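Peer 1: Here's my sequence, what's the structure:
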Amino acid sequence: MSKETFPFTSTSLRSLRVEQELQEWEDARRALAHRRAMSRAPLPPAPRPPPRHQERRRVQEVRAAPPQVRCRDTAIHNTFMCGDMKGVYAVLKDPAMSVFAPCVPVSGMWTLSSKVKQTSALRLAASRGHSSCVEELLFRGAEANADPGGNTALHDACIGGHSVCVQLLLSHGADPELLTSDGCAPLHLCTSAQSFHCAELLLDDGAEVNVRMRESRLTPLHVAARRGLEKHVELFLSHNADVKATNREGETPLNAACSGAERPSEAGRYLGVVQMLMEAGADPRTAGRKMHTPLHNACANCSPRIVEILLQHGAKADVSNSAGFTPLDCLLQVALKNQQPEEVARSLLNHGAKPVPPKMLKQCILSPATLEVLLNSYTSIPPCDWMDSLPTDVYEVGFNQPRSLQHLCRCALRLPLGARCFSVLSKLDIPRSVRDYLLLSGKAYM
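Peer 2: Coordinates of the predicted model:
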């Protein structure tokens, strides 16, 4: 097979045949309409208007809007989608080709229907990073701020992270603050690691770092924090992004970062984002309209390191949201679905969280380490009606023994310290093993 050819499937051939038949039908229809118009008898002259003294009411003249032109050539669309410069030059040579008019795609194919969302040749080239096509179109007079379908080429280039296209568009007058039909600015669409340079170019061109989405009121810092984009967050903060800005639900970028850390594998980069926001002045006690704090979000995601840094910066471990749930309650709801929930429980109890009601201990029955930490917050083992269902060996070792004097001393020491347990006990000049025991790292049954 020649290197310049490729095989067509039966489906592809059928689609091309249908497109050709539709085009031939359209050409025949237009030719027939033209012949009818040329053979029609001329219209009689229009009647003369009545004299002004007989005219009772002046009729306002209304001019019809010019017909909208759409590019309907499949070959042209595919040329700019694929970045074929040979085809681009061939298309631009033909003055009859409407390459700057809106065009209509659907599901990767092209159709004559006008009910589908529109795009343009410039948008197609920018969305796929074909910088040579973008440059040629702009040189030939394509409008950089044209937004067929509700987006401009700049929006599409930012979504794809194509910084060269972004630079070309900005240098030809693209507006770095123009909103899409959904209310998003180009900075809101820099949502991948590859779009970092795009965000830099937008800010250097004067884009507002605290621009808001129309409906949700999100800032670019909200979006970057929610996705754990450390370099983006650092960039926005260096341009004086507002760390205390709240969205429609009253949540800050810190809330967004803590709620985004859902996977243990991503906890590291989200921790970096949280640290940067805290150093920039973010308040971990700020709650949204539902009184959900960043600590609630971090506990719901079972993120031990994020929980610890929030608590060390003043987050309240015993605050309840509008549904009456504390951060410890949020942890217990997901304790069996995550790794190391005992570390989060230990941090909360060391920073003032109240012991959970005994009936909630049952949620940790399959996580012995978490159950052990929670039992360490009680002076005595609380009675629970579900203990009878425990295996005999677990019941006799864990629940059927009185608490030791050592444990009672630990409880007596921790009780007056309350939320200051960690800050006070970690500074005591005592052996590390004793300090760990006081901070609930020791065995529960001694």
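Peer 1: going forward, measure contacts and count neighbours with C-alpha atoms only.
Peer 2: OK.
Peer 1: Sketch out the low-pLDDT regions of the protein for me.
Peer 2: Within the chain, the ranges that satisfy pLDDT under 70 run 1-15, 18, 22, 25-26, 28-117, 336-338, 385-401, 442-446.
Peer 1: Identify the structural domains in it and state their residue ranges.
Peer 2: Following automatic domain parsing, one gets these domains for the chain: 70-176, 312-380+401-446.
Peer 1: Could you look over these and pick the most buried one?
Peer 2: Sort those by mean neighbour count, taking mean count of other Cα atoms under 10 Å, and domain 70-176 sits at the top with a mean of 19.
Peer 1: thinking again about what came up before, distance to His292 for the domains of the chain - can I get that in JSON lines?
Peer 2: Converted to JSON lines, the domains of the chain look like this (distance: least, Cα to Cα, whole Å):
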{"stretch": "domain 70-176", "distance to His292": "31"}
{"stretch": "domain 312-380+401-446", "distance to His292": "5"}
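Peer 1: Select, out of those, the one closest to Leu271.
Peer 2: domain 312-380+401-446 (13.7 Å; Cα to Cα).
Peer 1: could you pull out the helices for the stretch 251-400 of the chain?
Peer 2: Per DSSP state H, counting those that start in this stretch, the stretch 251-400 of the chain carries helices over the ranges 253-260, 267-279, 294-300, 304-312, 327-334, 341-350, 368-375, 392-394.
Peer 1: on contacts alone, who are the packing partners of the fourth one?
Peer 2: Spelled out, it's helix 304-312. Contact here means 3 or more Cα pairs under 8 Å, 6 or more residues apart in numbering; DSSP states H and E; on that basis helix 304-312 packs against helix 267-279, helix 294-300, helix 341-350.
Peer 1: quick one, that helix and helix 341-350 angle?
Peer 2: 10 degrees (axes from the mean of the first three to the mean of the last three Cα atoms, to 10 degrees).
Peer 1: CA atoms of stretch 177-185 as CSV?
Peer 2: C-alpha atoms of stretch 177-185 as CSV (Å, rounded to 0.1, in the frame of the first residue of the first chain):
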residue,chain,number,x,y,z
GLU,A,177,-11.0,38.6,30.7
LEU,A,178,-13.8,37.8,28.2
LEU,A,179,-16.3,35.4,29.8
THR,A,180,-17.7,32.3,28.1
SER,A,181,-21.5,31.9,27.8
ASP,A,182,-21.2,29.8,31.0
GLY,A,183,-19.5,32.7,32.8
CYS,A,184,-15.9,31.4,32.9
ALA,A,185,-12.9,33.6,32.3
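Peer 1: Next, the buried residues of that stretch.
Peer 2: 177-180, 183-185 (16 or more other Cα atoms under 10 Å).
Peer 1: what do you get for stretch 269-281?
Peer 2: 269-278, 280.
Peer 1: who touches stretch 220-230?
Peer 2: Stretch 220-230 is touched from outside by 187-188, 191-193, 209-212, 232-233, 236, 241-243, 252-254, 256-261, 269-270, 272-273, with contacts defined as Cα atoms under 8 Å, 6 or more residues apart in numbering.
Peer 1: Show me the contact partners of the helix or strand encompassing His155.
Peer 2: Element membership for His155, per DSSP states H and E: helix 153-160. Helix 153-160 has contacts (Cα under 8 Å, 6+ apart) with 122-124, 126-129, 144-147, 163, 165-166, 169-170, 174, 176, 180, 185-187, 189-192, 194-195, 198-199.
Peer 1: one more time with 7 Å, if that's ok
Peer 2: Contacting residues not belonging to helix 153-160 are listed as 122-123, 126-129, 144, 165-166, 169, 174, 186, 189-190, 195, 198 [Cα atoms under 7 Å, 6 or more residues apart in numbering].
Peer 1: quick check, nearest of those residues to Arg289?
Peer 2: Nearest to Arg289 among the contacts of helix 153-160, with distances taken as Cα to Cα, is Leu189, at 25.8 Å.
Peer 1: The closest one: neighbour count?
Peer 2: Other residues lying near Leu189 total 22 when counted by other Cα atoms under 10 Å.
Peer 1: Distance of it relative to Pro264?
Peer 2: Distance, Leu189 to Pro264, using Cα to Cα, to the nearest Å: 25 Å.
Peer 1: just Cys184 next, same as before
Peer 2: From Cys184 to Pro264 the distance is 30 Å (Cα to Cα).
Peer 1: do Cys190 as well
Peer 2: The value you get for Cys190 to Pro264, if Cα to Cα is used, is 24 Å.
Peer 1: With neighbour numbers in mind, choose between the two.
Peer 2: Neighbour count, other Cα under 10 Å: between Cys190 and Pro264, Cys190 has more, with 26 against 13.
Peer 1: Which residue is the nearest non-sequential neighbour of that one?
Peer 2: Leaving aside its chain neighbours, Cys190 sits nearest to Cys158 (5.5 Å; criterion: Cα to Cα, 6 or more residues apart in numbering).
Peer 1: Same question for Arg269.
Peer 2: Gly228 (6.1 Å).
Peer 1: What I need now is the helices of the stretch 251-400 of the chain written out in TSV, including distance to Pro382 for each item.
Peer 2: Shown next, in TSV, are the helices of the stretch 251-400 of the chain (distance: least, Cα to Cα, whole Å):
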stretch	distance to Pro382
helix 253-260	33
helix 267-279	35
helix 294-300	24
helix 304-312	27
helix 327-334	18
helix 341-350	17
helix 368-375	8
helix 392-394	16
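Peer 1: So which of those is nearest Pro402?
Peer 2: Per Cα to Cα, nearest to Pro402 of these: helix 368-375, 12.4 Å.
Peer 1: Show residues contacting that closest one.
Peer 2: So helix 368-375 is contacted by 341-342, 345-346, 355, 361, 364-365, 381, 440, 444 (Cα under 7 Å, 6+ apart).
Peer 1: make it 8 Å
Peer 2: 341-343, 345-346, 355-356, 361, 364-365, 381, 440-441, 443-444.
Peer 1: go on, stretch 266-276?
Peer 2: Everything outside stretch 266-276 that qualifies as a contact, by Cα under 8 Å, 6+ apart, is 225, 228-230, 233-234, 254, 257-258, 260-261, 303, 305-306, 309.
Peer 1: before we move on, the earlier item: the domains of the chain: which one's closest to Glu19?
Peer 2: That would be domain 70-176 among the domains of the chain, by Cα to Cα, at 8.2 Å.
Peer 1: Having no further points to raise, I will conclude here.
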